[in-house]
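Enquirer: Kindly return the folded structure for what I paste below:
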Amino acid sequence: MVSISGLYISPPHYPKVVTMRYRKNSAFTMIELILVIIIIGILAALAIPRINRDIRQELGDNILSAIRYTQHLALMDNMTDPTDSNWQKKYWHLRFGSYGNPSKFFYTISSDRDENANVDKVETAIDPANGKYFYHLAGDATLNESDESPNIFISKKYGISQITYTGGCNGGQLIAFDHLGRPHVGIYSGSNDFGTYMKQTCTMTFSFSDSSINPISITILPETGYAQIVGNDNS
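Expert: Alright, predicted model coming up:
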């Protein structure tokens, strides 16, 4: 208070200034959301045409890998034995089989050491990709993937509904290789010579249960055993 000639005058009171604090929330703007939706749509449009090609390529890579691995095993294992009239049965070979109705296809890689025309687990190669057997008991509709390589079940993985064999492997489901890497067919009816040597290019065509996916063909050349996907020179 201020005193002027006995009068007391109170000092003026000023209102208290209140500071307002605002929290800034981060969020997408409408424009950003629209741009994200447009980008996702473009990526989806680009991916859809690749679906069929990817499935075909995956199958092709799988079969080519199996053929080349079989040939690799044969190159290191000379089965020629003039004292055994059935020695050709011991060739390392890739054999396609099926089970169930409709047919579900798979393949095995083995060498018939006991010459009984059956694929036994102890005669089967091991998949280097997973340490499991290239083995499945034909007619067994139960998949035992605990010790069977999932790569062999091509109907389950890719939807294969049919396999056709033309040319040098016409009517056959088995492709064998000798210690020179040359392909052979009909080894279970062969004699003590090289009469089972494949003389023409073998073409295997794989059809899909999904009719929108075009079949894929793989060829194996005589003499060299070179395999590739038809129409893909870089395979």
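Enquirer: Spatially nearest residue to the most centrally placed residue in the chain (excluding sequence neighbours)?
Expert: Compute the mean C-alpha point of the chain, and by Cα atoms, centre = their mean the closest residue is residue 58, 4.3 Å away. Nearest residue to residue 58, sequence neighbours excluded (Cβ to Cβ, 6 or more residues apart in numbering): residue 158, at 6.6 Å. To be clear about C-beta, it is placed using only N, CA and C from the backbone, and glycine gets the same treatment.
Enquirer: same check, this time on residue 197
Expert: residue 184 (5.8 Å).
Enquirer: does the one you found really touch residue 195, like I thought?
Expert: No. The pair residue 184 / residue 195 is not scored as a contact, 9.1 Å apart, by Cβ atoms under 8 Å.
Enquirer: how about low-confidence regions in the protein?
Expert: 1-28, 32-34, 41, 44-53, 138-145 (pLDDT under 70).
Enquirer: Now do the helices in it.
Expert: Here the chain has its helices, by DSSP state H, at 30-47, 50-75, 154-158.
Enquirer: of all those helices, which lies closest to residue 214?
Expert: Between residue 214 and the helices of the chain, the shortest gap by Cβ to Cβ is with helix 50-75, which sits at 7.0 Å.
Enquirer: Give the buried residues for that closest one.
Expert: 55-56, 59-60, 62-64, 66-71, 73-74 (16 or more other Cβ atoms under 10 Å).
Enquirer: And it, how far out from the chain middle?
Expert: Distance of helix 50-75 from its chain centroid, counting by Cα atoms, centre = their mean, to the nearest Å, is 7 Å.
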